[in-house]
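Student: I need the structure of the sequence given here:
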Amino acid sequence: YLHGGLNKEVDVAKRVVAFRDVMLANQIYPLHIMWESGAAEILNDLIRDAITRPDERAGGTADWMHKLRDHLVEAKDQTFELTTARLGSDMWNEMKRNACLSSTSLDGLGAMQIVAKHVIDALSRVSAAERAAWEFHVVAHSAGSIYFAYALQHLLDMQAQSIRFGSVHFMAPAMSTEMFRTTILPKIQPGGCPVPSLFMLSDAAELADCVGPYGKSLLYLVSNAFEGVRGKPILGMEKFVAADSALRALFERRTANRHPSVVIATKALPTGDPDPFSASHSETHGGFDNDPATLNSILRRIIEPKDGKLAREFTSRDLQY
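Tutor: This next block holds a predicted model:
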């Protein structure tokens with residue numbers, strides 16, 4: 001499990017505990033990669049600087065934006081994007097650099113390097129038949145997809161030890177479609193990386209979400225301010241996948257077990273979910289890893305129970321950490 005970039009260490013630790021018992025009850029050994037992005041604190045500083053006090057970097061724009069925010073939402077958001085673009089880009093690039101170093105550190109002590117080393121070492125001591133009985137799956141939220149892109153070669157090295165690479169699940173992936181094309185798409189082939197399942201918000205839900213005073217989702221902020229150009233296509237945004245014919249064709253395929261590759265979060269139905277393998281009720285970018293429907297859908301896709309029933313499901317109570 002690869003958490004997003006806007007997570008404090010204590011919150012990640014709480015999630016590890018919250019996930020543990022449900023995973024073990026379903027015969028899944030949970031392995032969480034805790035990586036320090038520093039992005040949460042920096043983003044909070046950016047919001048405070050841009051909104052709550054005058055800032056010479058913004059040329060007084062923050063005060064003007066405060067006056068307009070109830071009436072000119074789009075102007076406010078564009079001003080916020082312009083105000084935070086430089087420092088936000090620096091923060092975002094540093095976060096991506098930290099994710100990269102976890103897999104490429106010259107001293108070999110990056111977290112993913114260490115995990116891969118110990119997994120391969122452990123597998124080398126057991127028979128091929130035992131190795132064949134194991135499989136691993138990856139779940140990544142938001143910027144965790146960026147971490148995954150850099151870690152992918154290590155995962156493929158693990159697969160080369162006869163342990164099956166079962167599936168990949170992205171929840172609101174924050175990577176650019178360009179990064180997906182250059183780092184992941186070439187590895188998607190028979191015997192390589194599985195086509196990821198995408199759990200994402202509708203564009204309407206992205207526009208209804210917010211990051212502090214910013215009136216859209218984090219992915220809109222990344223796309224319009226943090227990636228260096230306005231409107232950078234992001235993999236976790238419905239509108240960019242829909243507008244890209246090659247990506248649309250890729251994700252219109254069903255998974256290896258015939259499930260839709262793209263799941264757009266919707267509100268819960270009173271009658272229950274018609275497809276419990278493809279349910280998601282998150283209403284915000286940050287809500288996917290707190291949404292029982294999303295996590296239970298991913299569990300079902302990993303385990304593939306014939307009757308659709310899990311030994312234990314996530315409940316809202318499990319995720320109140």
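
Student: Under the pLDDT cut-off, which ranges of the stretch 101-250 of the chain? List them.
Tutor: 190-191 (pLDDT under 70).

Student: after the stretch of helix or strand residue 103 belongs to, next one along is what?
Tutor: Per DSSP states H and E, residue 103 falls inside helix 73-104. Helices and strands here follow DSSP H and E; after helix 73-104, the next one along the chain is helix 111-123.

Student: Contacts for that following helix, please.
Tutor: For helix 111-123, the external contacting residues (Cβ atoms under 8 Å, 6 or more residues apart in numbering) are 31, 33-35, 102-105, 108, 131, 134, 147, 150-151, 154-155, 157-158, 161-163. Using the backbone N, CA and C atoms, a C-beta is placed for each residue, glycine as well.

Student: Mind checking which of the residues you listed are buried?
Tutor: Among the contacts of helix 111-123, those classed as buried by 16 or more other Cβ atoms under 10 Å are 33, 35, 102-104, 131, 134, 147, 150-151, 154-155, 158, 161-163.

Student: so how many other residues sit close to residue 273?
Tutor: 16 (other Cβ atoms under 10 Å).

Student: if we can go back for a sec, name the helices or strands packed onto the helix holding residue 103?
Tutor: For helix 73-104, the packing partners by 3 or more Cβ pairs under 8 Å, 6 or more residues apart in numbering; DSSP states H and E come out as helix 39-47, helix 61-68, helix 111-123, helix 144-159, helix 218-221.

Student: So what's the gap between the fourth one and the chain middle?
Tutor: The reference is to helix 144-159. Its chain's C-alpha centre and that of helix 144-159 lie 14 Å apart, by Cα atoms, centre = their mean, to the nearest Å.

Student: wait, what's in contact with the spatially closest residue to residue 209 that is not a sequence neighbour?
Tutor: Excluding its sequence neighbours, the residue lying closest to residue 209 (Cβ to Cβ, 6 or more residues apart in numbering) is residue 217, at 3.7 Å. Residue 217 is in contact with 201, 205-207, 209-211, 284-285, counting by Cβ under 8 Å, 6+ apart.

Student: With residue 174 instead?
Tutor: By Cβ under 8 Å, 6+ apart, residue 174 lies in contact with 4-5, 142-143, 145-146, 218-219, 222, 234-236.

Student: repeat that with 6 Å
Tutor: Taking Cβ atoms under 6 Å, 6 or more residues apart in numbering, we find residue 174 in contact with 142-143, 222.

Student: Which of those residues sits closest to residue 250?
Tutor: Proximity of those to residue 250 (Cβ to Cβ) peaks at residue 142, which lies at 20.6 Å.

Student: does the residue nearest to that closest one when sequence neighbours are not counted belong to a helix or a strand, and which?
Tutor: Nearest in space to residue 142, with sequence neighbours left out and distances taken as Cβ to Cβ, 6+ apart, is residue 4 at 3.2 Å. Assigned by DSSP H and E, residue 4 belongs to no helix or strand.

Student: Can you read off the pLDDT for residue 4?
Tutor: You'll see residue 4 listed with a pLDDT of 88.

Student: cool, and residue 65?
Tutor: Here, the pLDDT recorded for residue 65 equals 47.

Student: try residue 41
Tutor: 59.

Student: give me every residue that touches residue 214.
Tutor: Here residue 214 is in contact with 77, 80, 221 (Cβ under 6 Å, 6+ apart).

Student: one step back: now rank the contacts of residue 217 by neighbours and give me the top one.
Tutor: residue 285 (29 neighbours).

Student: That one against residue 172, yeah?
Tutor: Yes - if you go by Cβ atoms under 6 Å, residue 285 and residue 172 touch, sitting 5.1 Å apart.

Student: Kindly confirm my reading that residue 263 is in a helix.
Tutor: No - with DSSP: H, G, I helix; E, B strand; the rest coil as the criterion, residue 263 is strand rather than part of a helix.

Student: That one: neighbour count?
Tutor: Using other Cβ under 10 Å, residue 263 has 23 neighbouring residues.

Student: do the same with the one 5 residues further on
Tutor: By the measure other Cβ under 10 Å, the count of residues near residue 268 is 13.

Student: tell me the phi and psi of the nearest residue to it once chain neighbours are set aside?
Tutor: Distances taken as Cβ to Cβ, 6+ apart place residue 281 nearest to residue 268, at 4.8 Å, with adjacent residues excluded. For residue 281, the backbone dihedrals (degrees, to the nearest 10) come out as phi -120, psi 20.

Student: cool, and residue 33?
Tutor: Dihedral pair for residue 33: phi -100, psi 120, per degrees, to the nearest 10.

Student: Might one say that it is in contact with residue 3?
Tutor: No - between residue 33 and residue 3 there is no contact under Cβ under 6 Å: 7.7 Å.
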